[in-house]
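Visitor: Provide a 3D model corresponding to the input given below.
(2 chains, ligands or ions: 2)
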Amino acid sequence: MAFLNVLPGAIAEGLIWGLMAIGVYISYKILDIADLSVDGSICTGACVCVVMLAAGNPIWLCMLASVIAGALAGVLTGLFHTALGIPAILAGILTQLILYSVNLSILGGKSLIAIDIRSTNLIMHMSDNPMAIVSAGLIIVATIIGLWLFFYTETGLTIKSTGDNPHMSRAQGVNVDLNKVIGLAISNGIVALAGSLLAQYKGSANINDGRGAIVIGLAAIFIGLSVSLKIKPNFVCSLIGVIGGGIVYYIIYNFVILLGLKTDYLKMLSAIIVALFIAVPYLKTKYFTKQKPIPIVQNNGGDEDA
Amino acid sequence: MLKIKNLQKTFNPGTVNAKTALAGLNLTLNNGDFVTVIGGNGAGKSTMLNAISGVWKPDYGTIEIDGVDVTNMPEYKRAKFLGRVFQDPMMGTAPDMEIAENLGIARRRGTKRRLRWGIRKAERQEYKELLATLELGLENRLSSKVGLLSGGQRQAVTLLMATLNRPKLLLLDEHTAALDPKTAAKVLEITNKIVTENNLTTLMITHNMHDAIEYGNRLIMMHEGKVIVDVSGEEKKKLTISQLLELFEKASGSEFANDKVMLSK
Ligand SMILES: Nc1ncnc2c1ncn2[C@@H]1O[C@H](COP(=O)(O)OP(=O)(O)OP(=O)(O)O)[C@@H](O)[C@H]1O
Ligand SMILES: [Mg+2]
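Guide: Ligands and ions are numbered 1, 2, ... in the order given. Modelled structure (predicted):
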């Protein structure tokens, strides 16, 4: 019973983090870059949104500002990596550190700023989970459609190829460096959008929001893809799977809290989930692939495999 | 079409591993030249193609393509002049993307990529017809991921991608070396067809002496980062492998050494 009570909240939060995981999917899966700046940019999204709201701006403008701030963070990581030759992982860590200072100054030196939820028109808040689910759902659908269209354009296709085979991309006249910057900007923009939703849902922005976000994002991706790739391995299905992964993650998370595990251990749990999802397939092929005969097919002519 | 003047490149300069791969290379190609390139291990053949492609900057010398000095142009920009096929079939295509998407990206080589559709409807029909000319049964697999194709099929698709947008210069680096003999022969036949039908200026590195003599209108031999033998026209047509080896030994003062080289067919 207690579990059913927390379910709507788990779904709402799962959707928000699923959106965040879509941002991570773009860097990790499409660009083939493990971008750690997202830990900072989700918080930037939350901080910008809250401070802009406090200044009396309409919510859509606050969220737009969050997206732009996140995209700029992505550009910074991209330039560290491509223009300055810093390895991608380190570039992300540097941006993350920079963003910590930036976020603190956005919050005016305070570690937490609350939203006055009565005087502002938020699109979601945890006091109304059904509405939060609908709002988050609509934003996710719009994001997925936008990305789906984008990755069929000339620019979108070359961003895919940049991650898939940079060598081929350069040979085909693709500016690989520029594409990485664009991809990281889109990725972090989406992550910051999720941050602005998170701030509204929780009613505040906290300087510690987003710590370990990359791990939650990866966990959502692994959980989601483990199912969706088996159903239909295409882009849209993968993204839907990632959202599902976010929801499953938050259901497990709430379940574990209900079981009485101290919340202090939850970050460790997230890390273990990610480690398991990467390790299990690896160990499986390494130690548990049994030799088994594959039926031999007689190939009598007509072989297209020249 | 291509003018290389006094090109020099030393890898790891100033260290014990210093290696001069190009030692003042000079080479001029005329429009429509189909040049086969042979040479011993480490002669600098691949290094020459990498220099032309702009993988790194040479230490000295200039490279001109179709009258444009490209010596300092970044790799992705000079790609508009060049079609390239590599030895490794994995290198020339994006495995996680569809055949049509790979071709669509190649079709737009040298143009600015915008927020327009990456592949238009009419293109699909065109790609289908082009793939059919390969006679590898790929014409009905436009939506297949390239990663699912065999090495030979991938090289054929890469060849198509390299020539889809007519390149000023086609660079082939032992592009059949990783294939089994039957497949290699097929890909080479496709290559010859595309090059001659489109009258493409081409540099083709091969380790097969027989192919080097049979294909193209001109043959160059490289040794220690320089061109040491350059034959064309009638003289090339009448060459035999033993004459070729003799030419090499006379020009280089050493024996022809390449562990990959096939002296016979
Ligand atoms: N990126 C690099 N770094 C260091 N040394 C290199 C590099 N590329 C080539 N070399 C060296 O330069 C020399 C010429 O190499 P290159 O690959 O051009 O030879 P090649 O003529 O293509 O030989 P092969 O027939 O074996 O392919 C070799 O000694 C090689 O070890
Ligand atoms: Mg070579």
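
Visitor: hmm, A:C43 and A:Q96 touching each other?
Guide: No. If you go by C-beta atoms under 8 Å, A:Q96 and A:C43 don't touch, sitting 9.4 Å apart. No exception for glycine: its C-beta is placed from N, CA and C like everyone else's.

Visitor: show me the shaky parts of the stretch 151-265 of chain B.
Guide: B:259-260, B:262-265 (pLDDT under 70).

Visitor: for the one residue in it that gets nearest to ligand 1, helix, strand, or coil?
Guide: Of all residues in the stretch 151-265 of chain B, B:N258 sits closest to ligand 1, at 5.8 Å by C-beta to the nearest ligand atom. The three-state label given to B:N258 by DSSP: H, G, I helix; E, B strand; the rest coil is coil.

Visitor: dump the residue contacts of the closest residue to it other than its chain neighbours.
Guide: Leaving aside its sequence neighbours, B:N258 sits nearest to B:G40 (C-beta to C-beta, 6 or more residues apart in numbering or on different chains; 4.6 Å). Residues in contact with B:G40 (C-beta atoms under 8 Å, 6 or more residues apart in numbering or on different chains) are B:H223, B:F256, B:A257, B:N258.

Visitor: CSV for the residues you listed, including distance to B:T183 and neighbour count?
Guide: Conversion of the contacts of B:G40 to CSV gives the following (distance: C-beta to C-beta, whole Å; neighbours: other C-beta atoms under 10 Å in any protein chain shown):
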residue, distance to B:T183, neighbour count
B:H223, 30, 21
B:F256, 26, 20
B:A257, 27, 14
B:N258, 22, 16
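
Visitor: picking up where we left off before, might one say that the residue of the stretch 151-265 of chain B closest to ligand 1 is in contact with B:K45?
Guide: No. Between B:N258 and B:K45 there is no contact under C-beta under 8 Å: 9.9 Å.

Visitor: what is in contact with those two at once?
Guide: Joint contacts of B:N258 and B:K45 (C-beta under 8 Å, 6+ apart) are B:I38, B:G39.

Visitor: how far out from the middle of the chain is the host helix or strand of A:N5?
Guide: Assessed by DSSP states H and E, A:N5 sits inside helix A:2-25. Distance of helix A:2-25 from the chain centroid (C-alpha atoms, centre = their mean, to the nearest Å) equals 12 Å.

Visitor: likewise for stretch B:123-132?
Guide: Taking mean C-alpha positions (C-alpha atoms, centre = their mean), stretch B:123-132 and its chain are 23 Å apart.

Visitor: what residues does the lengthiest helix in chain B touch?
Guide: Counting by DSSP state H, the longest helix found in chain B is helix B:181-198. Around helix B:181-198, the neighbours that count as contacts under C-beta under 8 Å, 6+ apart are A:306, B:34, B:134, B:150-152, B:155-156, B:159-160, B:163, B:166, B:170, B:172, B:175-177, B:179, B:200, B:202, B:204, B:211, B:215.

Visitor: around chain B, which positions in the stretch 151-300 of chain A sit nearby?
Guide: A:152-158, A:160-161, A:164-165, A:167-176 (C-beta under 8 Å from any C-beta of the partner chain).

Visitor: one more time with 10 Å
Guide: A:151-179, A:233 (C-beta under 10 Å from any C-beta of the partner chain).

Visitor: out of the residues you listed, which end up buried?
Guide: A:151-179 (16 or more other C-beta atoms under 10 Å in any protein chain shown).

Visitor: so which of those are in strands?
Guide: Per DSSP state E, strands hold no members of those.

Visitor: give me the three-state assignment for B:G92.
Guide: Following three-state DSSP, the label given to B:G92 is coil.

Visitor: again, but for B:L115
Guide: Under three-state DSSP, B:L115 comes out as coil.

Visitor: excluding its backbone neighbours, what's nearest it?
Guide: Excluding the flanking residues, the one nearest B:L115 by C-beta to C-beta, 6+ apart is A:T153, at 4.8 Å.

Visitor: pretty sure the one you found contacts B:E101?
Guide: No. Taking C-beta atoms under 10 Å as the definition, A:T153 is not a contact partner of B:E101, at 11.6 Å.

Visitor: list residues touching both of these two?
Guide: Residues touching both A:T153 and B:E101 by C-beta atoms under 10 Å, 6 or more residues apart in numbering or on different chains: B:G118, B:I119.

Visitor: just the helices from the stretch 101-250 of chain B, written as ranges.
Guide: B:121-134, B:151-164, B:181-198, B:209-214, B:233-237, B:241-252 (DSSP state H, counting those that start in this stretch).

Visitor: now those helices in JSON lines, with mean neighbour count?
Guide: As requested, the helices of the stretch 101-250 of chain B are exported to JSON lines (neighbours: other C-beta atoms under 10 Å in any protein chain shown):
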{"stretch": "helix B:121-134", "mean neighbour count": "15"}
{"stretch": "helix B:151-164", "mean neighbour count": "24"}
{"stretch": "helix B:181-198", "mean neighbour count": "18"}
{"stretch": "helix B:209-214", "mean neighbour count": "20"}
{"stretch": "helix B:233-237", "mean neighbour count": "11"}
{"stretch": "helix B:241-252", "mean neighbour count": "15"}
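
Visitor: just send these back as CSV, with distance to A:L79 too.
Guide: CSV is the format used below for the helices of the stretch 101-250 of chain B (distance: least, C-beta to C-beta, whole Å):
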stretch, distance to A:L79
helix B:121-134, 34
helix B:151-164, 30
helix B:181-198, 40
helix B:209-214, 46
helix B:233-237, 51
helix B:241-252, 48
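
Visitor: A:K202 is nearest to which of those?
Guide: helix B:121-134 (47.2 Å; C-beta to C-beta).

Visitor: packing partners for that closest one?
Guide: helix B:99-107, helix B:151-164, helix B:181-198 (3 or more C-beta pairs under 10 Å, 6 or more residues apart in numbering or on different chains; DSSP states H and E).

Visitor: which one is the most centrally placed residue in chain B nearest to, not counting chain neighbours?
Guide: When C-alpha atoms, centre = their mean is applied to chain B, the residue found nearest the centroid is B:L172 (1.4 Å). Excluding its sequence neighbours, the residue lying closest to B:L172 (C-beta to C-beta, 6+ apart) is B:M204, at 4.2 Å.

Visitor: with B:V37 as the reference, measure out to the one you found.
Guide: According to C-beta to C-beta, to the nearest Å, B:M204 and B:V37 sit 7 Å apart.

Visitor: check B:N6 too.
Guide: Counting by C-beta to C-beta - B:N6 and B:V37 are separated by 19 Å.

Visitor: more crowded one of the two?
Guide: B:V37 (26 against 13; other C-beta atoms under 10 Å in any protein chain shown).

Visitor: secondary structure class for B:L22?
Guide: Secondary structure, three-state DSSP: B:L22 is strand.

Visitor: buried residues, the host helix or strand of A:N188. List them.
Guide: Assessed by DSSP H and E, A:N188 sits inside helix A:176-202. In terms of neighbour count (16+ other C-beta under 10 Å), helix A:176-202 has its buried residues at A:176-202.

Visitor: and for stretch B:55-75?
Guide: B:P58, B:G61, B:I63, B:I65, B:V70, B:T71, B:M73, B:E75.

Visitor: restricted to helices, list those residues.
Guide: B:E75.

Visitor: farthest pair within the buried residues of stretch B:55-75?
Guide: Longest span within these, C-beta to C-beta: B:G61 and B:E75, 17.3 Å.

Visitor: need the overlap of contacts for B:M204 and B:V37.
Guide: B:L49, B:L171, B:L172, B:D173, B:E174, B:A212, B:G216, B:L219.

Visitor: and the helix or strand hosting the first one with ligand 1, contact?
Guide: When elements are assigned from DSSP H and E, B:L49 belongs to helix B:45-53. Yes. Using C-beta under 6 Å from any ligand atom as the criterion, contacts between helix B:45-53 and ligand 1 involve B:K45, B:S46, B:T47.

Visitor: and that helix, how far out from the chain's middle?
Guide: The answer for helix B:45-53 is 9 Å, by C-alpha atoms, centre = their mean.

Visitor: thank you, goodbye.
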